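Below: sequence and its predicted model.
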Amino acid sequence: MAGEKYIFNQQTQSYEIDRRSVRAAFYKTGGVLLGGLALFLLYFFVFTRTIGLDTPKTLLLERQNRILTEQLALLDGRIDADDQQLQELALRDNLVYRPVFGMEEVPAATREAGLGGEDRYAAFLGLAHQDLMAASAARVDGLMRKAYVQSVSFDEVKVYSSRAGDMASCIPSIYPVNPKNVQITSPFGARFHPIRQTIVFHEGIDLAGPAGQPVYATGDGVVESTEVNFSGYGNVIVIDHGFGYKTRYAHLKEIKVTQGQVVIRGDRIGTLGSSGLSTGPHLHYEVIYRGTQINPWNFLNPDVTPEEYNKLVRGNG
């Protein structure tokens, strides 16, 4: 074979392959490879450690790493801009849009609620800049959460805005009893409680008059609750008018509506009485806006005539 050497064996009187030459060739080849590897390692050491230069592959990786870092920084900048816009929308939503329709604010805890899961960003473990990438991913998730909450809030505002024409009839704005038959005996605010004999805050107004006269819903709404008891407010009705408004009618003699019933302004809902903690026949009437009692007097028109009032109510005034 080409490249092989032969010698004449005196004993066998034949030519045989010179095994020494094969071993020599093997050692020679191995020596060349080891020498080349040694030179490469020497080159790498001198190139990177002594001269201080990077290899082409290192330069490529550094360039790719720099581009990735710049892209993450650009992403963070966009997240900052979008987050600022969402904050402005949330501010207008809570201070303008929702209050117009008597809606409660969306709590900051709801808008800032995070997404659970310890392994949510486990895919970034072991990668270059894993902390930076995980932080950016978390900010994107937070932004999407805020956008979702804001979208739901706007959907709610849209529903209320479609009913904006109903606000005039829903907001409580008439006397709950015929004003010609009653008089205000206890206004809204601090007063001396006639039974408890102490200063308390009166959360409504008391309208005293003959027992049994009709009590009317002061605005369109839904009966939220009715309660019959022998203490406190006695027989009481709460109506939810929507748009943040509710009304309470207490110390009734009779309740003429049931929970969940839809009522129209002027519907008879009960009769004036003296049930519960009471010293005589009267109606305790409250207007509640977004969970807080406000002065009902601001919603009553003292100049309404008996004839005008009778046109507003459904039944004998």
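Nice, thanks for sending it over.

max-length strand in this structure?
strand 245-255 (DSSP state E).

Quick check: neighbours of the following helix or strand past that one in the sheet, parallel or antiparallel?
Proceeding C-terminally, strand 245-255 gives way to strand 262-263 as the next helix or strand, assigned by DSSP states H and E. If you go by DSSP bridges, strand 262-263 pairs up with strand 221-227 (antiparallel).

Return whatever helix or strand residue 308 lives in as CSV; C-alpha atoms alone will do.
Using DSSP H and E, residue 308 sits in helix 306-312. The C-alpha coordinates for helix 306-312 follow below in CSV (Å, rounded to 0.1, in the frame of the first residue of the first chain):
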residue,chain,number,x,y,z
PRO,A,306,-100.1,70.1,47.5
GLU,A,307,-101.6,69.9,44.0
GLU,A,308,-98.2,69.6,42.4
TYR,A,309,-97.2,66.9,44.9
ASN,A,310,-100.3,64.9,44.2
LYS,A,311,-99.4,64.8,40.5
LEU,A,312,-96.0,63.3,41.4
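
what comes up buried for it?
Buried residues in helix 306-312, counted by 16 or more other Cβ atoms under 10 Å: 309, 312. Where C-beta positions appear, they are placed from N, C-alpha and C, glycine not excepted.

Any chance you could list what contacts it?
174-175, 178-180, 265-266, 304, 317 (Cβ atoms under 8 Å, 6 or more residues apart in numbering).

rewinding a little: what mean pLDDT does the longest strand of the chain get?
Averaging pLDDT along strand 245-255 yields 97.

mind listing what's buried in it?
Buried residues in strand 245-255, counted by 16+ other Cβ under 10 Å: 245-255.

Over to stretch 151-159?
Residues of stretch 151-159 classed as buried: 153, 156-157 (neighbour count, 16+ other Cβ under 10 Å).

how far is that stretch from where the chain is centred?
Put simply, stretch 151-159 sits 12 Å off its chain's centre (Cα atoms, centre = their mean, to the nearest Å).

pLDDT (mean, whole number) over that stretch?
For stretch 151-159, mean pLDDT is 88.

From here on, call the first residue 37.
Sure, I'll start numbering at 37, so the last one becomes stretch 187-195.

could I get that stretch in PDB with only the CA atoms?
Extracted C-alpha coordinates of stretch 187-195, given in PDB (Å, rounded to 0.1, in the frame of the first residue of the first chain):
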ATOM      1  CA  SER A 187     -60.900  48.400  30.200                       C
ATOM      2  CA  VAL A 188     -63.400  46.800  32.700                       C
ATOM      3  CA  SER A 189     -63.900  50.200  34.400                       C
ATOM      4  CA  PHE A 190     -64.600  51.900  31.100                       C
ATOM      5  CA  ASP A 191     -67.100  49.200  30.200                       C
ATOM      6  CA  GLU A 192     -68.900  49.900  33.500                       C
ATOM      7  CA  VAL A 193     -68.900  53.600  32.800                       C
ATOM      8  CA  LYS A 194     -70.300  53.000  29.400                       C
ATOM      9  CA  VAL A 195     -73.200  51.100  30.800                       C
END
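
can you list the weak-confidence ranges in the protein?
By pLDDT under 70, the weakly predicted segments of the chain are 37-45, 49, 51-62, 76-95, 150-154, 164-165, 229, 231-232, 351-353.

Would you map out the domains in it?
Domain ranges of the chain: 42-86, 93-198, 206-348, per automatic domain parsing.

Give the bridge partners for residue 261, please.
According to DSSP bridges, beta-bridge pairing links residue 261 with residue 274.

Lovely, talk soon.
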